[in-house]
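> sequence first, predicted coordinates after that:
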Amino acid sequence: MTVTVIVGTQWGDEGKGKITDLLARDMDMVVRYQGGNNAGHTVVIKDEVFKLHLIPSGIFYTNVLCLIGNGVVVDPAVLLGEIETIRGKGYSADNLRISSQAHVIFPYHRDLDAAQEKKHEAGRIGTTCRGIGPCYVDKFNRRGIRIGDFFNTDLLRQKLEWNLKEKSFYLNNFYEMKVNYNLEEIMNEYLGYFHAVKKLVVEESSTLVNEAVAKKKNVLLEGAQGTMLDVDHGTYPYVTSSNPIAGGACVGAGLGPQKINEVIGVVKAYVTRVGGGPFPTEIAGQLGERLREKGGEYGATTGRPRRCGWFDGVVMQHAAKINGLSQLAITKLDVLDELDKIEICVAYELNGKRITYFPTDVYRLEKCQPVYEEMPGWKEDTTKVKDHKDLPANAKKYLEKLAELANCRISLVSVGAERGQIIKI
Ligand code: IMP
């Protein structure tokens with residue numbers, strides 16, 4: 001029996017979907033613990049590409065129970081669309097469960113997200129505009145509407161009416177928009193969504209998770225985004241509004257920390273970031289573009305081009321510490337196959353001093369210059385390699401360096417998008 005957390009160690013888009021899909025085969029349960037449809041987890045099965053935003057990546061194994069945990073924020077229209085797509089491709093989504101404690105994204109959350117981004121020109125976060133931040137704000141302000149509220153229509157109407165009044169005032173007066181929400185229309189629309197998924201909703205979802213653990217089942221807790229987008233431990237304010245880190249799994253699934261046995265950090269062999277905010281190892285110019293094209297680095301949710309950079313060992317060490325990583329899954333090693341030389345950031349230089357810790361405020365981080373160590377490339381195709389011993393010598397050295405910087409062993413190396421393109425160590 002193992003309880004494993006899968007966590008992104010960078011700014012998201014590390015390839016968690018593929019790793020979750022791979023590990024899910026041996027799982028009894030997969031729980032998504034935070035975020036919403038800001039995430040895009042890509043799973044490739046034969047020639048089919050699935051982009052999941054809300055549903056855990058284990059859904060393609062019908063014997064694996066997949067739970068959208070209490071820590072997730074759910075846009076029900078997106079959820080239904082995803083269920084329909086999965087069913088349309090011949091998979092059943094009957095193994096899906098949704099926590100009644102998960103919060104619901106309403107149109108005013110999306111409108112607020114977009115309005116804030118528009119108005120705060122200088123401090124624009126570059127959000128996905130999916131309403132994630134405003135929905136979490138309501139959760140923590142105790143104004144949120146949870147899926148469980150849909151079982152009580154009178155209470156739901158009361159809560160929604162209050163929210164519509166408050167948000168309309170804000171949007172029309174402060175953000176100078178012209179919104180005119182209709183309570184009954186939104187009620188009907190959302191009750192329609194609710195009835196379509198009602199039989200999948202579970203009350204006290206934490207009981208489901210804890211029972212599985214008590215019965216010695218294999219449980220995977222799947223995070224979205226990544227450590228550097230964590231609202232507490234990332235590059236605040238250029239972060240998402242939840243806790244993607246391993247600790248967030250306890251909150252977002254309702255499980256005690258002592259129950260967790262393994263924390264797998266998913267690490268892309270280089271780094272990408274989408275949205276605003278400092279990115280010390282960003283590669284400008286043609287090389288950055290080459291990596292973007294070779295790696296298909298375009299947002300799975302918004303299609304935005306991702307900024308690309310060299311592997312950042314300072315970020316790696318920060319992620320290893322904050323998450324207590326016990327294993328690493330390296331992804332997209334093959335994207336580096338053609339490079340002559342590869343840079344690895346091993347420290348930053350800040351005000352003339354070499355530092356190896358990650359500065360917690362962006363003002364200092366913006367001043368950091370990466371200190372690189374250069375490594376020779378391997379200039380060989382790794383996409384068909386199945387065994388670690390068959391990797392080119394320089395690729396092995398590169399992996400060793402990543403493991404050394406993280407002070408953690410590597411258990412998986414992905415060399416392509418397909419399920420089979422994986423090296424188990
Ligand atoms: P939000 O989560 O939509 O509020 O966006 C906040 C920041 O997190 C922005 O920089 C987004 O680009 C980034 N972000 C959110 N979700 C993801 C993700 O799944 N992958 C990469 N970046 C993300």
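Done, it's in.
> now for whichever residue of the stretch 1-150 of the chain sits closest to the ligand: which residues touch it?
Nearest to the ligand, among the residues of the stretch 1-150 of the chain, is residue 12, at 2.8 Å (CB to the nearest ligand atom). To be clear about C-beta, it is placed using only N, CA and C from the backbone, and glycine gets the same treatment. Neighbouring residues of residue 12 by CB atoms under 8 Å, 6 or more residues apart in numbering: 39, 224-226, 229, 244, 274.
> and with 10 Å instead?
The neighbours of residue 12, taking CB atoms under 10 Å, 6 or more residues apart in numbering as the test, are 35, 38-40, 223-229, 234, 240, 244, 266, 268, 272-275, 299-301, 306.
> what does it show for phi and psi?
phi 80, psi 180 (degrees, to the nearest 10).
> ranges for the strands of the stretch 301-425 of the chain?
307-309, 311-312, 327-331, 341-350, 353-355, 369-376, 410-414, 422-424 (DSSP state E, counting those that start in this stretch).
> name the nearest residue to the residue of the stretch 301-425 of the chain found nearest the ligand, ignoring sequence neighbours.
At 6.3 Å from the ligand, residue 301 is the closest residue in the stretch 301-425 of the chain, using CB to the nearest ligand atom. Spatially, and ignoring its direct neighbours in sequence, residue 301 is nearest to residue 40 (4.0 Å; CB to CB, 6 or more residues apart in numbering).
> same question, residue 279
Spatial nearest neighbour of residue 279, excluding adjacent residues (CB to CB, 6+ apart): residue 273 at 4.8 Å.
> quick check: the gap between the closest residue to residue 333 other than its chain neighbours and the ligand.
Spatial nearest neighbour of residue 333, excluding adjacent residues (CB to CB, 6+ apart): residue 269 at 4.7 Å. Residue 269 is 17 Å from the ligand, where distance means CB to the nearest ligand atom, to the nearest Å.
> and residue 269, how far from residue 332?
Residue 269 sits 5 Å away from residue 332, taking CB to CB, to the nearest Å as the criterion.
> for residue 52, what are its contacts?
Contacts of residue 52 (CB under 10 Å, 6+ apart): 17, 20-21, 32, 37, 39-43, 58-60, 82, 85-86, 222, 224, 300.
> pLDDT value on the closest residue to the ligand within the stretch 151-300 of the chain, please?
Nearest residue of the stretch 151-300 of the chain to the ligand (CB to the nearest ligand atom) works out as residue 275 at 2.2 Å. For residue 275, the model assigns a pLDDT of 86.
> secondary structure class of it, three-state.
coil (DSSP: H, G, I helix; E, B strand; the rest coil).
> neighbours around the closest residue to it other than its chain neighbours, how many?
Once flanking residues are discounted, residue 275 sits nearest to residue 126: 3.1 Å by CB to CB, 6+ apart. Residue 126 has 14 neighbours, counted by other CB atoms under 10 Å.
> same check on residue 258?
Residue 258: 8 neighbours (other CB under 10 Å).
> residue contacts, residue 327?
4, 6, 262-266, 406, 408-412, 425.
> where's it relative to residue 266, distance?
From residue 327 to residue 266 the distance is 10 Å (CB to CB).
> intersection of neighbour lists for these two?
Joint contacts of residue 327 and residue 266 (CB under 10 Å, 6+ apart) are 6, 412.
> circling back: mind listing the shared neighbours of residue 269 and residue 332?
14-15, 295, 413-415.
> reformat those as CSV; add distance to the ligand.
Supplementary listing: the shared contacts of residue 269 and residue 332 in CSV, determined by distance: CB to the nearest ligand atom, whole Å:
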residue, distance to the ligand
14, 9
15, 11
295, 14
413, 21
414, 17
415, 22
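> can you put the residues you listed in TSV and add pLDDT and distance to residue 134?
Listed next are these as TSV, based on pLDDT from 0 to 100; distance: CB to CB, whole Å:
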residue	pLDDT	distance to residue 134
14	96	26
15	92	29
295	95	31
413	98	39
414	97	35
415	97	40
